[in-house]
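1. Predicted coordinates and the sequence they were generated for:
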Amino acid sequence: MPRERSIYVGPRLRRLRRELGLKQSDVAADLGVSASYVALLERNQRPVTADLLLRLARTYKVDVAAIARDDSADYAARLKAVLQDPLFSDIDLPPLEAADVAANYAGVTEAVLRLYAAFRHEQTALADSAADRPSGRAAGEDPADPVAEARRFLTERRNSFPALDDAAERLAEQAGGAAGLTEHLKRRHGLRVRRLPPEVMSGFTRRLDRHRDELLLSDALDVASFNFHLAMQLAYLELQPAMDAALSGTGFASESGRRLARRALASYAAAAFLMPYGAFARAAEARAYDVEALARQFAVSFEQTAHRLTTLQKPGAERIPFFFIRVDPAGNVSKRLDGAGFPFARHGGGCPLWSVHLVFRTPGEIVTQWLELPDGERYFSLARTVTSGGGAHGAPRVQRGVALVCAAEYAHRLIYVQKAAAPPAPTPIGVTCRVCHRAQCPARAAPPLGRQVVPDEFLRLNVPFALADA
């Protein structure tokens, strides 16, 4: 007969006792055992017997399965993931030792996991304080940054506003979609749409002239941008209540932050008008998230399509959660949209190993890449350049790189993975250099927080910074 597996319940027994406000001696009296035996059980130095397990369940009215559940595999996996952090790369930690610690020292394992969680939280907070502080501002000065405020507003809501989606979809049905925008503005608001040369527009792309009841747009706009601006103006005219509801209850440190958040909501509503949630979500699945194909189907731009893909998290109709970022050739991040809660959503994007910084070498070409963060989490990224401006000879153009990212567990649903060979080894990237502890990274621009740099009078490594404990 196979040997029965011993069951250890230390952490759960200790948690239950504390929740009930009992001492070890109280539990011992209730169960008819010694206090020292209870202490051994809580330290996982004794397995629990079937009889004692039943007495626990009866005495404290708890589910036997909840107490007897074996968490050792979960603890071992979590501890192994923590120990893969490059912070510990110079320590010899065989996987069997981690599994042994998790199985036999649950309290120590839980303490390590808590400490690491607190460490990551503080690292992220330090990075946030640096990222959200405008260049040149010292710590302790007014932290109000309207761009950071608007980004936080969107990130905290995973860039998903279902009520605004529904309102925009109803409006699209009433107006007849993009094809009916001009007529709807004329019929409903008495506005005549006119396209004028950039020199006549005097630096404006769109202007609502209430005196003449005209909506003026630059004729340098391509079709996708022209329709987007019409839809955005319509959102300001008819979807103000829905946008006000989305903003309600939100505190902004600056009026500029609130205005930027409102502008982001108007853009969201315009995208929801041109790419109604239901139709777009179904098309995204049918076309395996082919961004270029979706852009053609809905007569929108590549960037507008990528934006929209980050918003598909309506409860009950969720699709793949995506993160979107836009950077310029100098590495400045001009837009972040997070529909997934990714760790690099708030301050990431500065790692030079990420292909979003390399797409300027191959304009217009989609570049795919598998990514791995220091904690071992893997992601799939597709990046491409996009261009704004232009539209006439001599008109200035701005080229940027955009990337759309999802967790590796969803990547098999993307056409870019389905049509590819076996995935290559992931590229190790960091959130930012200041919170990345990969000591051997040749692309590092700054030492990580909390690590000492060693002098190089006698030795010079082939990495920018030699760290004291590396």
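-> On my side now, so go ahead. Numbers count the residues shown, from 1 in each chain.
2. alpha carbons only for contacts and neighbour counts from here, please
-> Fine.
3. Leaving out chain neighbours, which residue sits closest to Cys406?
-> Closest residue in space to Cys406, ignoring its immediate chain neighbours: Phe322 at 4.9 Å, by CA to CA, 6 or more residues apart in numbering.
4. I figured the one you found hits Asp338, correct?
-> Yes - assessed by CA atoms under 8 Å, Phe322 is found in contact with Asp338 at 6.6 Å.
5. between the two, what contacts are shared?
-> Shared between the contact lists of Phe322 and Asp338 (criterion: CA atoms under 8 Å, 6 or more residues apart in numbering) are residues Thr310.
6. that older thread, against Tyr289, how distant is the residue nearest to Cys406?
-> Here Phe322 is placed at a distance of 11 Å from Tyr289 (CA to CA, to the nearest Å).
7. where does this structure have low pLDDT?
-> 1-6, 66, 68-74, 103-104, 106, 121, 123-144, 344-349, 458-459, 468-470 (pLDDT under 70).
8. Mark out where each domain of it begins and ends.
-> Per the record, the chain has its domains at 10-103, 152-274, by automatic domain parsing.
9. how distant is the first one from the center of its chain?
-> The chain centroid and the centroid of domain 10-103 are separated by 33 Å, computed with CA atoms, centre = their mean, to the nearest Å.
10. the strands in this structure, which residues?
-> Under the criterion DSSP state E, strands of the chain are mapped to 192-196, 206-209, 214-218, 323-327, 333-338, 367-372, 378-389, 397-407, 427-428.
11. Comparing these, which comes out most buried?
-> Of all these, strand 323-327 carries the top mean neighbour count, a mean of 24, counting by mean count of other CA atoms under 10 Å.
12. From what I see, Phe273 and Asp166 are in contact.
-> No - look at Phe273 against Asp166 with CA under 8 Å: they stay out of range, at 9.4 Å.
13. returning to what we had before: the strands of the chain: which one's closest to Pro315?
-> Counting by CA to CA, Pro315 lies closest to strand 333-338 out of the strands of the chain; the figure is 16.3 Å.
14. Can you check what angle separates the closest one from strand 397-407?
-> Using axes from the mean of the first three to the mean of the last three CA atoms, to 10 degrees, the inter-axis angle of strand 333-338 relative to strand 397-407 is 30 degrees.
15. now the angle between strand 323-327 and strand 333-338, please.
-> Strand 333-338 and strand 323-327 are oriented at 180 degrees to each other (the same axes, to 10 degrees).
16. which residues are in contact with stretch 375-395?
-> The contact list for stretch 375-395 (CA under 8 Å, 6+ apart) reads 81-82, 84-85, 219-222, 302-303, 355-356, 359-360, 363-372, 396-408, 411, 426.
17. Now Leu41: closest residue in space, sequence neighbours ignored.
-> Take Leu41 and drop its neighbours on the chain: the residue closest to it by CA to CA, 6+ apart is Gly10, 5.4 Å away.
18. follow-up on the earlier one: between Phe322 and Tyr289, which one's more packed in?
-> The residue with more neighbours, out of Phe322 and Tyr289, is Phe322; 29 against 20, by other CA atoms under 10 Å.
19. Pull up the gap between the more buried one and Thr311, please.
-> Applying CA to CA, the value for Phe322 to Thr311 is 8 Å.
20. Name the residues contacting each of these two.
-> Going by CA under 8 Å, 6+ apart, residues that sit against Phe322 and also against Thr311 are Gly339.
21. Which residue lies closest in space to the residue nearest to the spatial centre of the chain, excluding its sequence neighbours?
-> Residue closest to the average C-alpha location in the chain (CA atoms, centre = their mean): Phe342, at 2.6 Å. Leaving aside its chain neighbours, Phe342 sits nearest to Phe323 (7.1 Å; criterion: CA to CA, 6+ apart).
22. My understanding was that the one you found contacts Val402; is that so?
-> No - look at Phe323 against Val402 with CA under 8 Å: they stay out of range, at 10.6 Å.
23. From Asp145, how far off is the residue of the chain most remote from its centre?
-> Distance to the chain centre peaks in the chain at Gly32, reaching 51.2 Å (criterion: CA atoms, centre = their mean). From Gly32 across to Asp145, the span is 62 Å (CA to CA).
24. With Pro426 instead?
-> On the measure of CA to CA, Pro426 and Asp145 end up 35 Å apart.
25. same deal with Ser225?
-> Distance of Ser225 to Asp145, computed by CA to CA: 28 Å.
26. Ok, Leu449 next?
-> The gap separating Leu449 from Asp145 is 23 Å, by CA to CA.
27. Could you find the closest non-adjacent residue to Ala168?
-> Nearest non-adjacent residue to Ala168, counting by CA to CA, 6+ apart: Phe273, 5.0 Å away.
28. Please give the number of neighbouring residues around that neighbour.
-> So Phe273, with other CA under 10 Å, has 28 neighbours.
29. mind listing what it touches?
-> By CA under 8 Å, 6+ apart, the contact list for Phe273 reads Asp165, Ala168, Glu169, Leu171, Ala172, Gly177, Ala178, Ala231.
30. Which of the residues you listed fall in helices?
-> Secondary structure from DSSP state H places Asp165, Ala168, Glu169, Leu171, Ala172, Ala231 of those in helices.
31. got the buried residues for stretch 95-103?
-> By 16 or more other CA atoms under 10 Å, the buried positions in stretch 95-103 come out as Ala98, Ala99, Val101, Ala102, Ala103.
32. Ok, stretch 10-25 next?
-> Residues of stretch 10-25 classed as buried by neighbour count (16+ other CA under 10 Å): Gly10, Pro11, Arg12, Leu13, Arg14, Arg17, Gln24, Ser25.
33. Using PDB, list the CA coordinates for that stretch.
-> Backbone C-alpha positions of stretch 10-25 (Å, rounded to 0.1, in the frame of the first residue of the first chain) are rendered in PDB as follows:
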ATOM      1  CA  GLY A  10       1.300  25.300  10.700                       C
ATOM      2  CA  PRO A  11       0.600  28.700   9.000                       C
ATOM      3  CA  ARG A  12      -3.100  28.100   8.700                       C
ATOM      4  CA  LEU A  13      -3.400  27.000  12.300                       C
ATOM      5  CA  ARG A  14      -1.500  30.000  13.500                       C
ATOM      6  CA  ARG A  15      -3.600  32.300  11.400                       C
ATOM      7  CA  LEU A  16      -6.800  30.700  12.600                       C
ATOM      8  CA  ARG A  17      -5.700  31.100  16.200                       C
ATOM      9  CA  ARG A  18      -4.800  34.700  15.800                       C
ATOM     10  CA  GLU A  19      -8.100  35.500  14.000                       C
ATOM     11  CA  LEU A  20      -9.900  34.000  17.000                       C
ATOM     12  CA  GLY A  21      -7.800  35.900  19.500                       C
ATOM     13  CA  LEU A  22      -6.600  32.800  21.200                       C
ATOM     14  CA  LYS A  23      -3.300  31.800  22.800                       C
ATOM     15  CA  GLN A  24      -1.600  28.500  22.200                       C
ATOM     16  CA  SER A  25      -2.600  27.400  25.600                       C
END
